[in-house]
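1. Predicted coordinates and the sequence they were generated for:
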Amino acid sequence: MLSSELFKEIIVENEGYVKSIDEILPREVEIPDPDSLKRLRKAVILYGVRRSGKSFILLHIFKLYPNRSLYIDFEDERLQGIQPEDLEKIWEAFLELKMGEISGDKGVFLFDEIQNVPAWEKYVRRLVEKKGVAVFCAGSSSRITPKEIHTSLRGRLWSVEVLPFSFREFAAAKLGKDVSKEMIYGDSKAQIKRLFLEYIKYGGMPEVVFARNEFEKKKIIKEYLNSMYFRDMVERYTIKNVPLLDALWDSLFSSHAAKFSVNGFYKRYKGLLSFSKDTLYGYYHHFLESMLLFEVRKFTQSSYKKMRNPAKIYLVDHGLARKVSSENFGRILENVVYIQLRRKGYDVHYFEEEGHECDFIALNGQTLEAYQVTWELTGGNEKREIEGLLVASSYTGAQKLTILTHDQEGTMNVGGKKIEILPAWKWLVV
């Protein structure tokens, strides 16, 4: 069993660590304040892929409420083997350390990698309901996503998906100040456009963003991929058919912003590797569960057609793509746009009917919006992109039609429909 003294040691040590951090970039994530959480009797659960910045959101909250907070990272080796009965000692340690400053029900508890604790959901619910504590939890496992959370915490949950830096956050980190709408005009415009090209090339994983040079960025991305491969896939799911995982990994990370058929993969590799279709589908779902990539399904009212048609694949961060070059900047840009729509909470599908395609049909509340994404609108692709939007509008009823490019801007009216053409960097900022 773990002692109360150990928890006090960890709490004090972590407090010193957080206070030693000069500044933490606030994230554009909607999170209720501790007093609202206490009133609502809910716990905040931050979930997302490894290294997306969840821990620093917790640390930022700590800095906002330093006299009321405690921070514990359950990947601390001193807490290895922690059991449910040990958790009450956290409360005891907190009261002993903070008794002279605040009442217990004003506490703000920040738990990192909470999924490492058995029965943590019941403990968090008790803190929320019985102790009146504001609890913020973070984790990098699918076990902490809304659909996997134990029923004991249902109804007491405020789930927040944390994605890598948006372009606005990326630019703010680079400039040392918030990006305003006014900056897309005048002298700052060229600087924003230059930053956008850097964002396109390396992505928005926080540690990569703050790396000092190209060598560091590439090395960090490589280490991320190795960690995600072994920790999030091979070790976590006890992968036995490593050659199959290698082939699937390579195929998926090369298929961003493109359709991917698991059945097609099976037909292509069944003569080259030894595996069953069930194993293949299991491995594929492991990728989705790990939050390394997302599926976008075809826009249709039929559930059968939705599942029968191949999904399009998008990476959680385009910096993890197998290859980034001028030849596939269009696909990278499409990946960026999808993640931004997801970040906004849109329900996103792709459209394909009558030989016409539209990259995204996005449901924003009760409003349908249609988007085409292309690096450059040219004489060779303009007709295809416009017709795709018009047919999608006719089928779905979407009235807001937008073409996002690298750096083109304008408005056109075709067939009574208004189509707005915007530079993606500007769309991402405003």
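-> Perfect, I can see it now. What you are looking at is a predicted structure, and each value in this text was computed from that prediction instead of being measured.

2. what about the strands in the stretch 201-350 of the chain?
-> 258-260, 293-296, 311-315, 347-353 (DSSP state E, counting those that start in this stretch).

3. what's the closest of the ones you listed to residue 195?
-> When these are compared by C-beta to C-beta, strand 311-315 sits nearest residue 195, at 20.4 Å. (C-beta placed from N, C-alpha, C; glycine too.)

4. Can you pull out the low-pLDDT segments for the stretch 101-250 of the chain?
-> In the predicted model, the stretch 101-250 of the chain carries pLDDT under 70 at residues 101-104.

5. Helices along that one, start to end?
-> Under the criterion DSSP state H, counting those that start in this stretch, the stretch 101-250 of the chain carries helices at the ranges 120-126, 167-175, 189-202, 206-209, 214-229, 242-253.

6. Can you tell me how far the nearest residue to residue 205 once chain neighbours are set aside is from residue 287?
-> In space, and not counting its chain neighbours, residue 205 is closest to residue 164: 4.9 Å by C-beta to C-beta, 6 or more residues apart in numbering. Distance, residue 164 to residue 287, by C-beta to C-beta, to the nearest Å: 17 Å.

7. Over to residue 315?
-> On the measure of C-beta to C-beta, residue 315 and residue 287 end up 10 Å apart.

8. same question, residue 81
-> Separation of residue 81 from residue 287 (C-beta to C-beta): 30 Å.

9. Which one of those two is surrounded by more residues?
-> residue 287 (22 against 9; other C-beta atoms under 10 Å).

10. who are the neighbours in contact with that one?
-> By C-beta atoms under 8 Å, 6 or more residues apart in numbering, the residues touching residue 287 are 233, 248, 249, 252, 293.

11. So what's the residue count around the fourth one?
-> Counted with other C-beta under 10 Å, the neighbours of residue 252 add up to 20.

12. mind listing what it touches?
-> 260, 284, 287, 293, 313.

13. contacting residues for the fourth one?
-> By C-beta under 8 Å, 6+ apart, the contact list for residue 293 reads 252, 253, 256, 287, 313, 314, 315, 316.

14. Quick check: residue 58 touching residue 46?
-> Yes - if you go by C-beta atoms under 8 Å, residue 58 and residue 46 touch, sitting 7.4 Å apart.

15. Need the overlap of contacts for those two.
-> Common neighbours of residue 58 and residue 46 (C-beta under 8 Å, 6+ apart) are 136, 138.

16. Which one's more surrounded, these two?
-> Under the criterion of other C-beta under 10 Å, the comparison of residue 58 against residue 46 puts residue 46 first, with 28 against 24.

17. ok so the more buried one is a strand residue?
-> Yes - assessed by DSSP: H, G, I helix; E, B strand; the rest coil, residue 46 belongs to a strand.

18. That one contacts residue 54, correct?
-> Yes - between residue 46 and residue 54 there is a contact under C-beta under 8 Å: 4.5 Å.

19. Overlap in contacts, those two.
-> 138, 139, 162.

20. How about the contacts made by residue 137?
-> Per C-beta under 8 Å, 6+ apart, neighbours of residue 137: 43, 44, 45, 46, 111, 112, 114, 120, 124, 144.
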